[in-house]
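# Need a 3D model of the sequence below.
(one chain, ligands or ions: 2)
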Amino acid sequence: MPLEYRLSPACQTLKPSATIAAAAKAKELKSKGIKVYDFTLGEPDFNTPQHIREAAVAAMDAGHTHYTASGGILELKQAVCRLYERDYGLKFAPNQVLISNGAKHSIHNVITSLCGPGDEVIIPTPYWVSYSALVELTGATAVLVPTTEASGFTLSAEQFAAAITPRTKLMMLNNPCNPTGAAYTPAQLEALAKVAVEKNIPVLSDEIYEKLIYGDTQFRCFATFGSEVAERTIIVSGVSKAYAMTGWRIGWTIGPVDVIKAMDNLQSQETSNPCSISQYASIAAIDGPQESVEAMRVEFEKRRDYVVGRFNEMRSKFGVTFAEPGGAFYVFFNVEKSFGKKLGGGRVVNNATDFCTALLEEAHVALVTGDAFGAPGYVRLSFATSIELLQAGLDRLEAFLAG
Ligand code: PMP
Ligand code: GLU
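Ligands and ions are numbered 1, 2, ... in the order given. Okay, here's the model as predicted:
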């Protein structure tokens, strides 16, 4: 008799990451020789800057090819401390820093260290796909608080306060935000910080897109609003987006010593340590020349301006609405006006997931459904790709909307 494996309750309900699944679907079509206009994954299309790649080679040559301390090497923790002092005037000690296998792993470690059954975690929607999945894995409840396009997809202090209950363990803030590109103003952040202090709620501030800021948008690290706020802030960030290092898998957490220690224990049981070579390369990224960061940001800004221009045209032609992204590399747009109408190839759809499927099948344009981000009716486009590809893909999207 064949053995029937019964999955754990957590894994019976766990869905694959929708962003990664959408990218895999686009790749599958490409492997069949079809030209796909792929705007699914949020990752810089640039190669990692040369001096960082060279630091990795030097690390290998120097024999840094072994296990490291589970929570990361002291030199990298010290470099992270230098980074926050240099960029934000914040002083942290290395024992407040934990290096993990990408910011996604950092988030998982924070949630797993703090949350369990009976706990609630406040998550403003639209949220990045993994937030709710990682909360639910611990048995805690994700309390989803919807934000609107009219507010630029930002959570107000009133909404935050109203969502707090005696069971609230954590609030998850993502600034700038994936999938909306929303960037909070310093005043908005200060208002949220005030609630966190008054109600004594820790905030996980995911700042992975901190260097990708456009126009006159200002970025403020959540921990910069005074010591009482800093005490309640757990910062997550990393090298993936700013330094085009998604494949190197290095993220970090900065938080209270006891939480960092718990996360280190967890990580030592889970993964031993983040990649030794990537850790040395990340020191070069943080301490080395920063011109490439700005050069990539400028390129992303050009793409953003182009894409925003195109969506403004689509707003008047097809009623597609969106809030202009102040950061990150996504446009999150509403396609509800196209529901029930004849689209490209004669297709009629009634939700964003079917919209994305029909668009991929008819026009070979790959996007991610807003359903995955807790925002029905919306679709996410990543503009972390060339203007030429964006132009061709948006032409095809327009033709599809025109029917
Ligand atoms: N947070 C957000 C909001 C993200 O979009 C991502 C993925 N790009 C991450 C965290 C994880 O980043 P990393 O690649 O460092 O795991
Ligand atoms: N965070 C990126 C995205 O949203 C990469 C994919 C992922 O890690 O889920 O596209």
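# hang on, Thr357 is in a strand, isn't it?
No: Thr357 sits outside any strand when classified using DSSP: H, G, I helix; E, B strand; the rest coil, being helix.
# tally of neighbours for it?
Residues lying near Thr357 (other Cβ atoms under 10 Å) number 15. Yep, even glycine has a C-beta here, placed from its N, CA and C like the rest.
# Just give the closest residue to it, not the sequence neighbours.
Val349 (8.0 Å; Cβ to Cβ, 6 or more residues apart in numbering).
# measure the one you found to ligand 2 for me?
23 Å (Cβ to the nearest ligand atom, to the nearest Å).
# what about the residue found closest to Leu41 once you drop the neighbours it is linked to in the chain, which helix or strand?
Of all residues not flanking Leu41 in the chain, Ala23 sits nearest, at 4.5 Å (Cβ to Cβ, 6+ apart). In this assignment (DSSP states H and E), Ala23 forms part of helix 18-31.
# List the buried residues for that helix?
Buried positions in helix 18-31, judged by neighbour count with 16 or more other Cβ atoms under 10 Å: Ala18, Thr19, Ala22, Ala23, Lys25, Ala26, Leu29.
# so who does the residue nearest to Leu41 touch?
Asp38, Thr40, Leu41, Ala366 (Cβ atoms under 8 Å, 6 or more residues apart in numbering).
# Ligand 2: which of the residues you listed is nearest?
Leu41 (4.6 Å; Cβ to the nearest ligand atom).
# quick check, the closest one in a helix?
No: per three-state DSSP, Leu41 lies outside any helix segment and is coil.
# thought it was touching Arg380?
No: Leu41 sits out of contact with Arg380 when judged by Cβ atoms under 8 Å, with a separation of 10.5 Å.
# Looking at these two, which one has more neighbours?
Comparing Leu41 with Arg380 by other Cβ under 10 Å, the one with more neighbours is Arg380, at 29 against 19.
# what's downstream of whichever helix or strand the more buried one is part of, the next helix or strand?
Arg380 belongs to strand 378-382 when assigned by DSSP H and E. Going down the chain from strand 378-382, the next helix or strand is helix 387-402, by DSSP H and E.
# in that following helix, what counts as buried?
Quick answer for helix 387-402 (16+ other Cβ under 10 Å): Leu390, Gly393, Leu394, Arg396, Leu397, Glu398, Phe400, Leu401.
# got TSV for those, with distance to ligand 2 and pLDDT too?
TSV is the format used below for these (distance: Cβ to the nearest ligand atom, whole Å; pLDDT from 0 to 100):
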residue	distance to ligand 2	pLDDT
Leu390	16	98
Gly393	16	98
Leu394	19	98
Arg396	20	98
Leu397	18	98
Glu398	23	98
Phe400	22	98
Leu401	23	98
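# For burial, what's the neighbour tally of the nearest residue to Ile254 once chain neighbours are set aside?
Nearest non-adjacent residue to Ile254, counting by Cβ to Cβ, 6+ apart: Ile235, 4.3 Å away. Using other Cβ under 10 Å, Ile235 has 27 neighbouring residues.
# I'd like to know how many residues surround Val110.
Neighbours of Val110 under the rule other Cβ under 10 Å: 28.
# scratch that, Glu362 is what I was asking about
The burial count for Glu362: 16, using other Cβ under 10 Å.
# I'd assumed it was in a helix, is it?
Yes: according to three-state DSSP, Glu362 belongs to a helix.
# ok, it - contacts?
Applying Cβ under 8 Å, 6+ apart, the residues near Glu362 are Leu343, Gly344, Gly345, Arg347, Phe400.
# From ligand 1, how far off is it?
28 Å.
# Any figure for the gap between the residue in the chain positioned nearest to ligand 2 and Asn265?
Proximity of the chain to ligand 2 (Cβ to the nearest ligand atom) peaks at Gly42, 3.2 Å away. Going from Gly42 to Asn265 by Cβ to Cβ, to the nearest Å gives 31 Å.
# Likewise for Val110?
Distance from Val110 to Asn265, by Cβ to Cβ: 13 Å.
# got it, and Ile34?
Taken as Cβ to Cβ, the span from Ile34 to Asn265 is 47 Å.
# Would you mind telling me which of these two has the busier surroundings?
Asn265 (14 against 11).
# export the helix or strand the more buried one falls within as CSV, just CAs?
Using DSSP H and E, Asn265 falls within helix 257-270. C-alpha atoms of helix 257-270 as CSV (Å, rounded to 0.1, in the frame of the first residue of the first chain):
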residue,chain,number,x,y,z
VAL,A,257,18.6,42.7,22.4
ASP,A,258,16.3,40.0,23.9
VAL,A,259,14.3,39.8,20.7
ILE,A,260,17.4,39.6,18.6
LYS,A,261,18.8,36.9,20.8
ALA,A,262,15.6,34.9,20.4
MET,A,263,15.8,35.3,16.7
ASP,A,264,19.5,34.2,16.7
ASN,A,265,18.5,31.0,18.6
LEU,A,266,15.8,30.3,16.1
GLN,A,267,18.1,30.9,13.2
SER,A,268,20.9,28.7,14.7
GLN,A,269,18.4,25.9,14.7
GLU,A,270,16.9,26.7,11.3
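# which ones are touching Leu204?
Per Cβ under 8 Å, 6+ apart, neighbours of Leu204: Ile107, Val110, Ile111, Leu170, Met171, Met172, Leu173, Ile234, Val236.
# Name the helix or strand for it, please.
strand 203-206.
# follow-up on the earlier one: and the helix holding Asn265, what does it pack against?
Applying 3 or more Cβ pairs under 8 Å, 6 or more residues apart in numbering; DSSP states H and E, one finds that helix 257-270 makes contact with strand 97-100, helix 103-114, strand 251-254.
# rerun that using 7 Å as the cut-off
strand 97-100, helix 103-114 (3 or more Cβ pairs under 7 Å, 6 or more residues apart in numbering; DSSP states H and E).
# Other residues contacting the shortest one?
Spelled out, that is strand 97-100. For strand 97-100, contacts defined as Cβ atoms under 7 Å, 6 or more residues apart in numbering pick out 71-72, 76-77, 80-81, 106, 109, 250-254, 260, 263-264, 267, 274, 279.
# and ligand 1, which of those residues reach it?
When Cβ under 6 Å from any ligand atom is applied, the members of those adjacent to ligand 1 are Gly251.
# Output the helix or strand of the chain with the lowest mean pLDDT as PDB - backbone C-alpha positions only.
Using mean pLDDT, DSSP states H and E, helix 9-13 stands out as the lowest-scoring helix or strand of the chain, at a mean of 89. Provided in PDB are the C-alpha atoms of helix 9-13 (Å, rounded to 0.1, in the frame of the first residue of the first chain):
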ATOM      1  CA  PRO A   9      -2.100  21.800   9.400                       C
ATOM      2  CA  ALA A  10       0.100  24.900   8.700                       C
ATOM      3  CA  CYS A  11       1.300  23.500   5.400                       C
ATOM      4  CA  GLN A  12      -2.100  22.300   4.300                       C
ATOM      5  CA  THR A  13      -3.300  25.800   4.000                       C
END
